[in-house]
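Trainee: sequence below, structure please.
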Amino acid sequence: YADYDGIIGWNFSQGVESFWSDASRRQKIVGYSDVSRHKFADFLQTSGWTLSDVNAAAQTTYASWDEVQIPQPIFNGELDLSPLWLAFEAYKQQRPTAYFTELLSWIRSFDADKEITIYGGMGAGDMLAYLSPFEANQVNLGFGGGGSAVAAMLQSLAMQTHVSIHGEPAGVPPRLADVNTTVFQKLAYGNREAGFHIMWGRFFSPSQTETIAAVSDLNEMLLKLPVAMGSPENCGTAIGLGMQSIINHSRSMMWIDWGNLDTYRFSSMLNCVVGQSAQVGFVTDHSTLDQLTAWPALIWQESPILSDEAAHRLNSYVRQGGKLVVQGEQTGSLNAQGQPTTQLQDLLGISADGVVHTIGNGQAQWLQQPITWSSWKSRIENELAWLALQQPVIAFPTPSTRVAMRKDDNAETRWILLFGKTWSGGNPSAAQLSASPESVLLQCPTLPQSMSWTVVDILSETIIGTYSSAELAAGISVNLSPAQLRIFSLGPVQ
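Mentor: Got it, this is the predicted structure:
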């Protein structure tokens, strides 16, 4: 098919997307095949382990590397800091990078141009640990839970490495509500580039009128959206995720486990900041210093273990002018062999006293009790008040409305995304969809002062009106129905 014009690209799914299909919530994890065992032994050797090191760590008497076995998981709801287990987790984290590097280099050796999409956002641990070959080979990522709160996190992380994620509705069959949720999550947190996949082809029989109508509406919507829509606006804050701690405590590379187990409040945090339109981004302990310093403030989730490199990056981030909130037990820093080294609190020179300390050009606060993620508004008015966070766009009533803003990278034009999310889970019931539209107050408190804006509903191609920055800060009212997605452009009046 190399010269067949009907082939538009490469698509990898079903297997790669759940690279390590761990299910620790059911006390099952993968990676124990003979192939994995030998590759793990190779990984230990290249990481500086000797056979004597392995025998001492595992209390074994292996005579050769061929005899080395992978350690067994202990499902006790606690961290496992045994060096060999930490090494196994490091091995599992590097395998997707090695696999994708080899695969993509091979494809690009004879096909330099066609689009490549690979589903790999699920069971591969920390996305930032394996996206480098995606960026280098201009590959799109696919993720089948496009409307989930996790999708917001993945979209944000991928955008920071210049990788685009195709949005894909998770509903079976996909209907308009699920399609609109997916579009909102992608545009609120990720790149405008890449598109949307509808993978449930078996639902495209003539009788599936609802699914066909949803896809038709999606296509019509995309034709009306600008090709370039800049970047998401946010409150200048990213949530920091200690992925090494999350993976270790949950015994899983799979985000479904992190969510179901609510490991270090992973699910609680996502449901709060995504569900309440906090307009934040996300970073991890694999984020580079440049990626960290792009955010004026970081709220770091509880991370009892950090690599030595991650601890030093966070210290540099603060001293160069960043604002950092750390919480709970967050003291350990480990080298590649799992041995304790520098402690983050020693680098920062603070303790968990809740006081905001000036460190170099930045500030840091250590909260002894981890944040309870119930109300975002309550958080930014209390323990996080010193960060002076301000959302670019606010919608009332909050619980039933999702809202976000994007800004043109080279001009003042902005877009407001407004979505009526009045249900939880996948597709809403007919009764939920039939609820009456409600009036929503939209406020834009961060617009440049002394300007005027023409507000246009770009999907209905209707001019809403012309308003000053002060009027938009006070708020304008629009109607919103359940599952409705409205997108407004804000163009400056010349």
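Trainee: shaky segments in the chain?
Mentor: For the chain, the stretches with pLDDT under 70 are 14-15, 17, 199-205, 330-342, 425-426.
Trainee: residues touching Thr288, list them.
Mentor: For Thr288, the contacting residues are Arg313, by Cβ atoms under 8 Å, 6 or more residues apart in numbering. The C-beta positions use only the backbone N, C-alpha and C, and glycine is treated the same way.
Trainee: quick check: buried residues in the biggest helix by length in the chain?
Mentor: Counting residues, the longest helix in the chain under DSSP state H turns out to be helix 83-110. For helix 83-110, the neighbour count (16 or more other Cβ atoms under 10 Å) marks 83-97, 99-101, 103-104, 108 as buried.
Trainee: I'd assumed Ala395 was in a strand, is it?
Mentor: Yes: looking at Ala395 with DSSP: H, G, I helix; E, B strand; the rest coil, it is inside a strand.
Trainee: correct me, but it touches Leu441?
Mentor: Yes: the pair Ala395 / Leu441 is scored as a contact, 7.0 Å apart, by Cβ atoms under 8 Å.
Trainee: more neighbours: which of the two?
Mentor: Neighbour count, other Cβ atoms under 10 Å: between Ala395 and Leu441, Ala395 has more, with 22 against 14.
Trainee: show me what Trp415 is bridged to.
Mentor: Arg406, Ser489 (DSSP bridges).
Trainee: count the residues that sit near it.
Mentor: Trp415 has 25 nearby residues by other Cβ under 10 Å.
Trainee: what's the spacing between it and Ser52?
Mentor: For Trp415, the distance to Ser52 (Cβ to Cβ, to the nearest Å) stands at 61 Å.
Trainee: sorry, back to before: so after the longest helix of the chain, what's the next helix or strand?
Mentor: strand 115-119 (DSSP states H and E).
Trainee: okay, now the sheet partners of that following strand, with direction.
Mentor: Counting by DSSP bridges, strand 115-119 is paired with strand 9-12 (parallel), strand 140-143 (parallel).
Trainee: returning to what we had before: now the longest helix of the chain against strand 115-119, angle please.
Mentor: 160 degrees (axes from the mean of the first three to the mean of the last three Cα atoms, to 10 degrees).
Trainee: show me how far helix 83-110 is from its chain's centre.
Mentor: 20 Å (Cα atoms, centre = their mean, to the nearest Å).
Trainee: just to revisit the earlier point, of the strands paired with strand 115-119, which stretch is the most buried?
Mentor: strand 140-143 (a mean of 25; mean count of other Cβ atoms under 10 Å).
Trainee: off-centre distance for that strand?
Mentor: On Cα atoms, centre = their mean, the centre of strand 140-143 falls 12 Å from the chain's centre.
Trainee: now do stretch 268-288
Mentor: 7 Å.
Trainee: residues making contact with stretch 452-460?
Mentor: 221, 224-225, 415, 447, 462-469, 472, 476, 485-493.
Trainee: among those, which ones are in strands?
Mentor: Using DSSP state E, the subset of the contacts of stretch 452-460 located in strands is 415, 462-468, 476, 485-492.
Trainee: now list the buried members of those.
Mentor: Trp415, Ile464, Tyr467, Ile476, Leu485, Arg486, Ile487, Phe488, Ser489, Leu490, Gly491.
Trainee: for Glu67, state which of those residues is nearest.
Mentor: Leu485 (58.1 Å; Cβ to Cβ).
Trainee: in contact with that closest one, which residues?
Mentor: With Cβ under 8 Å, 6+ apart, Leu485 has these contacts: Asn180, Val183, Phe184, Met221, Leu417, Leu418, Phe419, Gly420, Leu459.
Trainee: is the residue nearest to the third one when sequence neighbours are not counted in a bridge, and if so with what?
Mentor: It refers to Phe184. Nearest non-adjacent residue to Phe184, counting by Cβ to Cβ, 6 or more residues apart in numbering: Phe419, 4.3 Å away. For Phe419, the beta-bridge partners are Arg402, Leu485 (DSSP bridges).
Trainee: Phe419: neighbour count?
Mentor: Residues near Phe419, counting by other Cβ under 10 Å: 27.
Trainee: quick one: it from Phe134, how far?
Mentor: Phe419 is 28 Å from Phe134, by Cβ to Cβ.
Trainee: then Thr422?
Mentor: For Thr422, the distance to Phe134 - Cβ to Cβ - is 35 Å.
Trainee: ok, Leu103 next?
Mentor: As for Leu103, its distance to Phe134 is 11 Å (criterion: Cβ to Cβ).
Trainee: and the residue nearest the centre of the chain, which helix or strand is it part of?
Mentor: The centre of the chain sits closest to Met153, judged by Cα atoms, centre = their mean, with a distance of 1.6 Å. Using DSSP H and E, Met153 maps to helix 149-160.
Trainee: quick one: distance of that helix to the chain centre.
Mentor: 3 Å.
Trainee: what sits up against whatever helix or strand comes next after that helix?
Mentor: For helix 149-160, the following helix or strand on the C-terminal side (DSSP H and E) is strand 165-167. With contacts defined as Cβ under 8 Å, 6+ apart, strand 165-167 is touched by 117, 121, 140-143, 146, 151, 154-155, 158, 182-183, 185-186, 190-191, 194-197.
Trainee: quick one: name whatever helix or strand follows strand 165-167.
Mentor: That would be, after strand 165-167 and using DSSP H and E, helix 176-189.
Trainee: what residues are up against Asn248?
Mentor: Leu79, Asp80, Leu81, Trp85, Leu86, Glu89, Ile305.
Trainee: which residue is the nearest non-sequential neighbour of the fourth one?
Mentor: The shortest distance from Trp85 to any non-neighbouring residue, by Cβ to Cβ, 6+ apart, is to Pro71 (5.0 Å).
Trainee: quick one, what contacts that neighbour?
Mentor: Counting by Cβ under 8 Å, 6+ apart, Pro71 has contacts Ala58, Ser82, Leu84, Trp85, Phe88.
Trainee: repeat for Gly190
Mentor: Counting by Cβ under 8 Å, 6+ apart, Gly190 has contacts Gln155, Ser156, Ala158, Met159, Ser164, Ile165, Pro232.
Trainee: in CSV, list those along with distance to Phe266.
Mentor: Output for these, formatted as CSV (distance: Cβ to Cβ, whole Å):
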residue, distance to Phe266
Gln155, 16
Ser156, 15
Ala158, 18
Met159, 20
Ser164, 24
Ile165, 19
Pro232, 21
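Trainee: report the buried members of those.
Mentor: Among the contacts of Gly190, the ones that count as buried (16+ other Cβ under 10 Å) are Gln155, Ser156, Ala158, Met159, Ser164, Ile165, Pro232.
Trainee: any idea how far the residue lying closest to the third one once chain neighbours are set aside is from Gly123?
Mentor: Going back to what we said before, that points to Ala158. Nearest residue to Ala158, sequence neighbours excluded (Cβ to Cβ, 6+ apart): Ile165, at 5.1 Å. To Gly123, Ile165 is 16 Å away according to Cβ to Cβ.
Trainee: ok, Thr50 next?
Mentor: 31 Å.
Trainee: who's more crowded, those two?
Mentor: Gly123 (23 against 10).
Trainee: surely the residue nearest to the centre of the chain and Val283 touch.
Mentor: No: between Met153 and Val283 there is no contact under Cβ under 8 Å: 10.1 Å.
Trainee: quick check: neighbours shared by those two?
Mentor: Leu241.
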